[in-house]
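Asks: Next one to model:
(one chain, ligands or ions: 1)
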Amino acid sequence: MLTGAGISKESGLDTFRDEGGIWSRVSLEDVATPDAFRRQPDFVHRFYNDRRRQLLTGDVRPNAAHDALVRLEREWPGEVLVVTQNIDDLHDRAGQQNLIHMHGEILKALCLHCRAVHDWRADMDTATACPSCGEAGGMRPQVVWFGEMPLELERIFAALDTCSHFLAVGTSGAVQPAAGFVQQARFGAGAHCVELNLEPSDASSAFHDHHHGPATEVVPAYVD
Ligand SMILES: CC(C)NC(=O)[C@H](Cc1c[nH]c2ccccc12)NC(=O)[C@H](CCCC/N=C(/NCCC(=O)O)S[C@H]1O[C@H](COP(=O)(O)OP(=O)(O)OC[C@H]2O[C@@H](n3cnc4c(N)ncnc43)[C@H](O)[C@@H]2O)[C@@H](O)[C@H]1O)NC(=O)OCc1ccccc1
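Replies: Numbers count the residues shown, from 1 in each chain. Here you go, the predicted structure:
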């Protein structure tokens, strides 16, 4: 199972490429690359502080699509792996167990001095000190930026090589290597591939079946 920003849209979190999406307000080169963080760390911190605060406001919570994937996992214990491109914690809060955040988590922080990773719910800036080494100026959100290696790719590729079903939920298929997972599942493992998305994605042609509509409708309908 691969999920993207579309699964969290109905929980009140913006997607990236849709009308009025995040990348229509700010360019990814200015906030989601290592170079941007070197050039303008305070601007990057403000971007992630805003998204972290939005996630922690009470009215953003898992929706019926997140809950349906938890039911699927309970129905097929040990058989379901959810790989999310999302840095929010909605799958975690819904109770998903076998879950990989391949692009990191906004509620975690990484220290560039000592490489420690900490749970993080507060704002962060260039003066923030690392709870482990005490150094300031090296704290960054534990998220994967463009040009950086996604997390747990070995575990993901191993699952893609052996899966019988591959479902993609709420993703545009615009970003690699995630956008290529369907080809790997279909042609590497012979998996049956299903797209659950508001509209056809850039990778639509690689899927056997398509169920287009809001995630809170098409995911429970497919799972139950
Ligand atoms: C822009 C793109 C061309 N760039 C890339 O793909 C680059 C590589 C690259 C550079 N130049 C290239 C040129 C050609 C090809 C590739 C490249 N990729 C990388 O740099 C990656 C790292 C990329 C990670 C960047 N970080 C993110 N996020 C975390 C940060 C943050 O969040 O701030 S990416 C971010 O955008 C990606 C796409 O977003 P989606 O989740 O799909 O959201 P989007 O808005 O696009 O679409 C929403 C969809 O939902 C649908 N929808 C909307 N509402 C609903 C609804 N209600 N219900 C259902 N569906 C809905 C919409 O219809 C739509 O289809 C996600 O991965 C997301 O995490 N690293 C890497 O390649 O390392 C080396 C490597 C090489 C080989 C093997 C391994 C490693």
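
Asks: how about the spatially most central residue of the chain, phi and psi?
Replies: Closest to where the C-alpha atoms of the chain average out (Cα atoms, centre = their mean) is N86, at 1.6 Å. Here is the backbone geometry of N86 (degrees, to the nearest 10): phi -80, psi 140.

Asks: was I right about it contacting A5?
Replies: Yes - at 6.2 Å, N86 counts as touching A5 under the criterion of Cβ atoms under 8 Å. Just so you know, the C-beta spots here come from the backbone N, C-alpha and C atoms, and that holds for glycine as well.

Asks: So which residues of this protein form strands?
Replies: Applying DSSP state E to the chain gives strands spanning 2-3, 82-84, 99-101, 104-111, 117-119, 139-143, 165-169, 192-197, 209-212.

Asks: between those, which one is nearest to Y48?
Replies: Between Y48 and the strands of the chain, the tightest spacing by Cβ to Cβ is seen for strand 139-143, at 4.6 Å.

Asks: Please name the nearest non-neighbouring residue to A185.
Replies: The spatially closest residue to A185, leaving aside those adjacent along the chain, is F166, at 3.6 Å (Cβ to Cβ, 6 or more residues apart in numbering).

Asks: Can you give me every residue that contacts the one you found?
Replies: For F166, the contact set (Cβ atoms under 8 Å, 6 or more residues apart in numbering) comprises 1-2, 160, 181-182, 185-186, 189, 191-194.

Asks: Relative to the ligand, how far out is the residue located most distally from the centre of the chain?
Replies: In the chain, the residue that sits farthest from the middle, by Cα atoms, centre = their mean, is G134; the gap is 29.5 Å. Relative to the ligand, G134 is positioned 27 Å away (Cβ to the nearest ligand atom, to the nearest Å).

Asks: can you offset everything so residue one is 21?
Replies: Will do, 21 is the new start, and the previous item becomes G154.

Asks: Up against the ligand, what does this structure have?
Replies: 24-26, 29-30, 35-38, 41, 52, 105, 107, 123, 163-170, 173, 190-192, 194-198, 217-219, 221, 234-235 (Cβ under 6 Å from any ligand atom).

Asks: quick one: terminal-to-terminal distance for stretch 174-188?
Replies: 19 Å (Cα to Cα, to the nearest Å).

Asks: next one: it to chain centre, how far?
Replies: Computed by Cα atoms, centre = their mean, to the nearest Å, the chain-centroid distance of stretch 174-188 equals 16 Å.

Asks: Tell me the pLDDT of G78.
Replies: Here, the pLDDT recorded for G78 equals 80.

Asks: Am I right that V163 is in contact with M122?
Replies: No - between V163 and M122 there is no contact under Cβ under 8 Å: 10.7 Å.
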